[in-house]
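>>> Structure for the following, please:
(one chain, ligands or ions: 1)
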Amino acid sequence: MKSTPKLQTELQARQALIEQALSLDRLGINHGKSGNLSLRWHRSSPPQGQGLLITPSAIAYEALEAEDLVWLSLHDDPPRIDGKLKPSSEWQMHRDLLRARPDCMAVVHTHSLYATALSCMPKVQREGIPAFHYMVAASGADRIACADYAGFGTAALSEAMLRALGSEARACLLAHHGVIASGEDLAAALGLAKEVEMLAAMYSQCLSLGGPALLSQEAMDAVLKAFVGYRQANQVACEASSSE
Ligand SMILES: [Zn+2]
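Take a look at the predicted model:
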């Protein structure tokens, strides 16, 4: 997936967020109005400070206008909110993930079919999606963990998500709920949400065939190392092309 072009103005950021929200539908990983997206966005004019832009609650993406997105401050409790609509009911997971992980710029949350189905399975709630395929390492960890169940929109859900992500993972399942993914830009976060859904579909198939063999820790460590190198090289290439 192409990386998101460098965003210069808040209007560009709002338009990019809407564009990616629409592609969530096109990729088939959204379910009704359940998906939501956010993008780190720091403001220099009032209300100013470190913050994020997020999709509003209960509005179809095809009806979204740039002014419908909501800005939240990152470090105030409760956050300062600027917008004419209410932010997504899951704003706390988005805010807390962006607060905890300065390397992540964007967050996508969906109830995509296979990831959500697996999040209801006791085995997956205990073990996550294990290293049955090397692309599991695209999540930043050697398995895709599943956060303990907590009610939607609660601080407890956000805390469970942060525990499941740990210090390295960029995506996790949420028990009896869905999936959350993050990335260095909107395209990366969306690409990872799509990848997790694909892996969840494959793993479901493997479970129905009797369960997969798993890769060794050594094999996964090698893939994780390769992916870190790939991300760094990509970052350098992006920075070089944006400074041209
Ligand atoms: Zn949800």
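>>> From now on I want contacts and neighbour counts done on CA atoms only, so please keep to that.
Fine.
>>> what is the mean pLDDT for stretch 156-166?
Averaging pLDDT along stretch 156-166 yields 98.
>>> Name the surrounding residues that touch that stretch.
By CA atoms under 8 Å, 6 or more residues apart in numbering, the surrounding residues in contact with stretch 156-166 are 92-93, 96-97, 145-151, 171-172, 174.
>>> Ok, stretch 179-192 next?
Contacts of stretch 179-192 (CA under 8 Å, 6+ apart): 1-4, 17, 20, 24, 39, 103-112, 115-116, 138-139, 170-174, 193.
>>> of these, buried ones?
17, 20, 24, 39, 104-112, 115-116, 138-139, 170-174, 193 (16 or more other CA atoms under 10 Å).
>>> Tell me which of the contacts of stretch 179-192 fall in helices.
17, 20, 24, 115-116, 193 (DSSP state H).
>>> Would you mind checking which of those residues is nearest to residue 216?
Relative to residue 216, the closest of the ones in helices among the contacts of stretch 179-192 is residue 115; by CA to CA it sits at 23.3 Å.
>>> Enumerate every residue touching the closest one.
So, once contact is read as CA under 8 Å, 6+ apart, residue 115 ends up touching 173, 178-179, 196-197, 200-201.
>>> go again using 10 Å as the cut-off
Shown in contact with residue 115 (CA atoms under 10 Å, 6 or more residues apart in numbering): 29, 129, 146, 172-180, 193-194, 196-201, 203-204.
>>> hmm, back to that, any idea which of the ones in helices among the contacts of stretch 179-192 is least confident?
The minimum pLDDT among the ones in helices among the contacts of stretch 179-192 falls on residue 24, with 86.
>>> Quick check, that residue in contact with residue 62.
No. Taking CA atoms under 10 Å as the definition, residue 24 is not a contact partner of residue 62, at 11.1 Å.
>>> For the protein, which segments are assigned as helices?
With DSSP H as the criterion, the chain has helices spanning 10-26, 91-100, 113-118, 122-127, 155-165, 186-208, 217-242.
>>> List the contacts of the fourth one.
This means helix 122-127. 117-119, 128-130, 143-149, 173-176.
>>> Adding distance to residue 58, write the helices of the chain out as a markdown table.
Shown next, in a markdown table, are the helices of the chain (distance: least, CA to CA, whole Å):
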| stretch | distance to residue 58 |
| --- | --- |
| helix 10-26 | 13 |
| helix 91-100 | 13 |
| helix 113-118 | 20 |
| helix 122-127 | 28 |
| helix 155-165 | 20 |
| helix 186-208 | 20 |
| helix 217-242 | 34 |
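>>> Determine which of those helices approaches residue 52 most closely.
helix 91-100 (7.4 Å).
>>> How about the closest one, which residues are buried there?
Buried residues in helix 91-100, counting neighbours by 16+ other CA under 10 Å, are found at 91-99.
>>> Could you pull up the mean pLDDT of it?
Per-residue scores along helix 91-100 average to 97.
>>> Stretch 46-53 too?
pLDDT averaged over stretch 46-53 gives 91.
>>> what about it, start to end distance?
14 Å (CA to CA, to the nearest Å).
>>> which parts of it are buried?
Buried-residue list, stretch 46-53, by 16+ other CA under 10 Å: 49-53.
>>> same deal with stretch 63-79?
Quick answer for stretch 63-79 (16+ other CA under 10 Å): 64, 66, 68-74.
>>> so where is the protein shaky, pLDDT-wise?
Per-residue confidence for the chain (pLDDT under 70) gives these ranges: 1-5, 32, 235-244.
>>> Quickly note the distance from the spatially most central residue of the chain to residue 116.
In the chain, the residue lying closest to the centroid (CA atoms, centre = their mean) is residue 181, at 2.1 Å. Distance, residue 181 to residue 116, by CA to CA: 13 Å.
>>> any common contacting residues for these two?
With CA under 10 Å, 6+ apart as the test, residue 181 and residue 116 both reach 110, 173.
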